[in-house]
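Q: Just the structure for this:
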Amino acid sequence: MPSRNPCSCNGEIPFDAGRRKVIQIGAAGFVSPWALAPSLALAKPMVGDRLVEDDAEGTPAPLRASDLRPGKPLLAFPFDAIKGEVRSDSRLNKIVLMRFAEADMNAETRARSAGGVVAFSAICTHQGCDVKTWLPKEQALVCFCHSTKFLLLEGGSVASGPALRSLPSLPLSLDGDQLVIAGPFSAPAGGTTA
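A: Reported below is the predicted structural model:
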């Protein structure tokens with residue numbers, strides 16, 4: 001009976017056939033970025049998510065308005081309480097929370113706050129550095145990379161620095177005393193200038 005393998009390679013797989021097999025295996029394992037798009041969309045902060053401290057250890061505990069001290073920023077991530085999942089896969093989900101007297105807020109900021117707590121993206125709109133340092137005298141949150149100052153009581157507007165865009169805000173509501181995300185960011189989070 002004639003051999004089914006036309007090559008005279010003594011049972012070894014020729015280089016081209018081996019390369020094709022590797023390519024087929026690699027292609028089978030390739031996942032299109034478009035196939036991941038729905039799961040990436042779900043990773044963003046969602047209406048109804050609670051908030052948890054970004055560096056909390058153990059079982060996540062939803063933050064309450066009373067957990068925040070006035071004038072002290074707190075970094076947080078969205079938390080899907082139903083699934084028990086912290087949405088920390090993307091640093092663009094990092095949120096900075098601050099508590100103020102509601103009388104000190106402008107109307108827009110007050111409308112997006114809950115229990116005196118405001119929420120903003122913790123990622124600078126200039127080049128994407130973390131924004132987490134509070135300057136009490138200037139009443140501004142500052143980016144440590146290029147010193148852009150954001151006025152949280154005025155909707156996250158730029159007071160000074162190279163950033164051209166306000167810090168995106170995130171509307172909040174309360175469920176009892178727990179902070180709850182009430183809508184999407186006011187603008188895309190992250191830096192826009194290279």
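
Q: what ranges do the strands span in this structure?
A: Under the criterion DSSP state E, the chain carries strands at the ranges 50-53, 74-80, 85-86, 95-99, 117-121, 131-135, 140-143, 149-151, 157-160, 172-175, 178-181.

Q: need the contact list for Met98.
A: Leu68, Gly71, Lys72, Pro73, Leu74, Val117, Val118, Phe120, Trp134, Leu141, Leu152 (Cβ atoms under 8 Å, 6 or more residues apart in numbering). C-beta coordinates here come from the backbone N, C-alpha and C atoms, glycine included.

Q: Same list (the strands of the chain) but as TSV, adding distance to Arg110 and mean pLDDT.
A: What follows is the strands of the chain, written out as TSV (distance: least, Cβ to Cβ, whole Å; pLDDT from 0 to 100):
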stretch	distance to Arg110	mean pLDDT
strand 50-53	19	97
strand 74-80	19	96
strand 85-86	28	93
strand 95-99	13	97
strand 117-121	9	97
strand 131-135	19	93
strand 140-143	18	95
strand 149-151	14	95
strand 157-160	15	94
strand 172-175	11	97
strand 178-181	15	98
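
Q: Which of the ones you listed has the highest mean neighbour count?
A: Most buried of the strands of the chain by mean neighbour count (mean count of other Cβ atoms under 10 Å) is strand 117-121; its value is a mean of 26.

Q: Output stretch 99-110 in CSV with nothing but the alpha carbons.
A: Provided in CSV are the C-alpha atoms of stretch 99-110 (Å, rounded to 0.1, in the frame of the first residue of the first chain):
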residue,chain,number,x,y,z
ARG,A,99,-16.6,65.6,50.9
PHE,A,100,-17.6,69.2,51.2
ALA,A,101,-20.3,71.4,52.7
GLU,A,102,-23.1,71.5,50.1
ALA,A,103,-23.3,75.3,50.6
ASP,A,104,-19.8,75.6,49.2
MET,A,105,-20.7,73.8,45.9
ASN,A,106,-21.9,75.5,42.7
ALA,A,107,-25.3,74.3,41.4
GLU,A,108,-23.8,71.8,38.9
THR,A,109,-21.5,70.2,41.4
ARG,A,110,-24.3,70.0,44.0
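
Q: Buried residues, that stretch. List them.
A: Arg99, Phe100, Met105, Thr109 (16 or more other Cβ atoms under 10 Å).

Q: Skipping its backbone neighbours, what lies nearest the residue nearest the centre of the chain in space?
A: In the chain, the residue lying closest to the centroid (Cα atoms, centre = their mean) is Asn93, at 1.1 Å. Leaving aside its sequence neighbours, Asn93 sits nearest to Arg87 (Cβ to Cβ, 6 or more residues apart in numbering; 5.1 Å).

Q: can you check His146 too?
A: Using Cβ to Cβ, 6+ apart, the nearest residue to His146 is Pro162, at 5.1 Å.
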